[in-house]
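*Asks:* Sharing a model that was predicted from the sequence below.
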Amino acid sequence: MKDFGGKVAVITGAGSGIGRALALDLAARGARLAVSDVDSVRIADTAAHCEKIGAEVRSYRLDVADRAAVLAHAEDVAADFGTVNLVVNNAGVALTSSVAEMEWEHLDWLMGINFWGVVHGTKAFLPHLTASGDGHLVNVSSVFGFIGVPTQGAYNAAKFAVRGFTEALRQEMLLERGPVRVSCVHPGGIKTNIARDSRGLQGAEAAKAVRAFDGVARTSPEAAAAAIVRGVQRNRARILIGADARIIDLLPRVLGAGYQRLVTLGARRLLP
């Protein structure tokens, strides 16, 4: 998919962060946009900005953890636009907590969005991407889909799962020699509100975690969006975003399980 002009792009979690930046980037490239978010105010604002650029856009309030809602959403988008060419399962949340102290409710919340949301979006839209004859599916994992990190057990579980699920799907599409290409995105530290919207920590501990995240988040959402677009154009299996993502990708390759000692040393300094 070299040219996005006239192509129908579906983006979840487009109310802020990478999703919003990607919507604006694709709007400038002439794509037709179906953008969604659980926050109806944020997604309406994203749609308004896309319209100012001149894009055809429809906004939808969507909870990606709700399987029935996502399945219905796919049918609505196909009916509204006539086809679907690009799907970016981007919606995600964060949870900072040790495994021992993690609340079941918070774990279910994160897995419902970060893992099941990706699965729901993939299963719901895959038939439409296939029918388009020119489809591309993008699932957003993380650098935490490469390495485990203390207090990020739930996030690690979801992002490792997204990586495995997406890589398996890409191979299936290659075996079928069908019209759908598949990419998995691994952002490093991106300057978004994900840490501020995180669950798990409260008060001073939450503030310290936000400061720690802000200290390592070097890449803008706009740069992340541009990297995703380039990755789609080049049909990359794995799209790394940021210099930190490249370094973290190398850690388990070079050090094997020994990377865990290095991460633990860093965690002692950064964690609340």
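*Replies:* Done, it's in.
*Asks:* surely V57 meets D45?
*Replies:* No. Between V57 and D45 there is no contact under Cβ atoms under 8 Å: 11.8 Å. From N, CA and C alone the C-beta is placed, and that goes for glycine too.
*Asks:* Same drill for these two, tell me which one is more crowded.
*Replies:* Counted by other Cβ atoms under 10 Å, V57 and D45 do not tie: V57 has more neighbours, with 22 against 16.
*Asks:* and the more buried one, what are its bridge partners?
*Replies:* Under DSSP bridges, the beta-bridge partners of V57 are L33.
*Asks:* for the helix or strand hosting A245, packing partners?
*Replies:* Secondary structure from DSSP states H and E places A245 in helix 243-255. In terms of contacts (3 or more Cβ pairs under 8 Å, 6 or more residues apart in numbering; DSSP states H and E), helix 243-255 is packed against strand 180-187, helix 259-270.
*Asks:* Export these to TSV and append columns for mean pLDDT and distance to L26.
*Replies:* Formatted as TSV, those follow (pLDDT from 0 to 100; distance: least, Cβ to Cβ, whole Å):
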stretch	mean pLDDT	distance to L26
strand 180-187	98	15
helix 259-270	88	35
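*Asks:* just the helices in this protein please.
*Replies:* Here the chain has its helices, by DSSP state H, at 17-28, 40-53, 67-81, 104-114, 116-132, 153-176, 203-216, 221-233, 243-255, 259-270.
*Asks:* Of the ones you listed, which is nearest G92?
*Replies:* helix 104-114 (5.1 Å; Cβ to Cβ).
*Asks:* give me every residue that touches the closest residue to G54 other than its chain neighbours.
*Replies:* With sequence-adjacent residues excluded and distances taken as Cβ to Cβ, 6 or more residues apart in numbering, G54 is closest to A27, at 7.4 Å. Neighbour list for A27: 33, 49-50, 53-55, 57 [criterion: Cβ atoms under 8 Å, 6 or more residues apart in numbering].
*Asks:* Off-centre distance for stretch 76-96?
*Replies:* Stretch 76-96 sits 10 Å away from the centroid of its parent chain (Cα atoms, centre = their mean, to the nearest Å).
*Asks:* can you pull the buried residues of it?
*Replies:* 77-78, 81, 83-96 (16 or more other Cβ atoms under 10 Å).
*Asks:* Pop out the phi and psi values for V84.
*Replies:* Backbone torsions for V84, taken as degrees, to the nearest 10, come to phi -140, psi 130.
*Asks:* Confirm for me that it is in contact with D134.
*Replies:* No. With contact defined as Cβ under 8 Å, V84 does not count as touching D134 (10.3 Å).
*Asks:* any low-confidence regions in the stretch 151-272 of the chain?
*Replies:* Along the stretch 151-272 of the chain, the model assigns pLDDT under 70 to residues 191-217, 270-272.
*Asks:* Quick one: buried ones out of the contacts of A27?
*Replies:* 33, 50, 53, 55, 57.
*Asks:* Could you measure from V10 over to L22?
*Replies:* 11 Å (Cβ to Cβ, to the nearest Å).
*Asks:* Check the contact lists of those two and give me the overlap.
*Replies:* Residues within reach of V10 and of L22 at once, by Cβ under 8 Å, 6+ apart, are V88.
*Asks:* re earlier: which of the buried ones among the contacts of A27 sits closest to R253?
*Replies:* Distance to R253, by Cβ to Cβ, is smallest for L33 among the buried ones among the contacts of A27, at 36.7 Å.
*Asks:* Pull up the gap between the closest one and I18, please.
*Replies:* The spacing between L33 and I18, counted by Cβ to Cβ, is 15 Å.
*Asks:* Ok, E167 next?
*Replies:* Separation of E167 from I18 (Cβ to Cβ) stands at 20 Å.
*Asks:* Neighbour count for the two, which is higher?
*Replies:* Neighbours were counted for E167 and for I18 using other Cβ under 10 Å; I18 has more, 29 against 16.
*Asks:* Show the contacting residues for that one.
*Replies:* Residues in contact with I18 (Cβ under 8 Å, 6+ apart) are 90, 140, 187, 190, 192, 221, 224-225, 228.
*Asks:* Check V263 too.
*Replies:* By Cβ under 8 Å, 6+ apart, the neighbours of V263 are 147-150, 251.
*Asks:* That's all I had, so thanks and see you.
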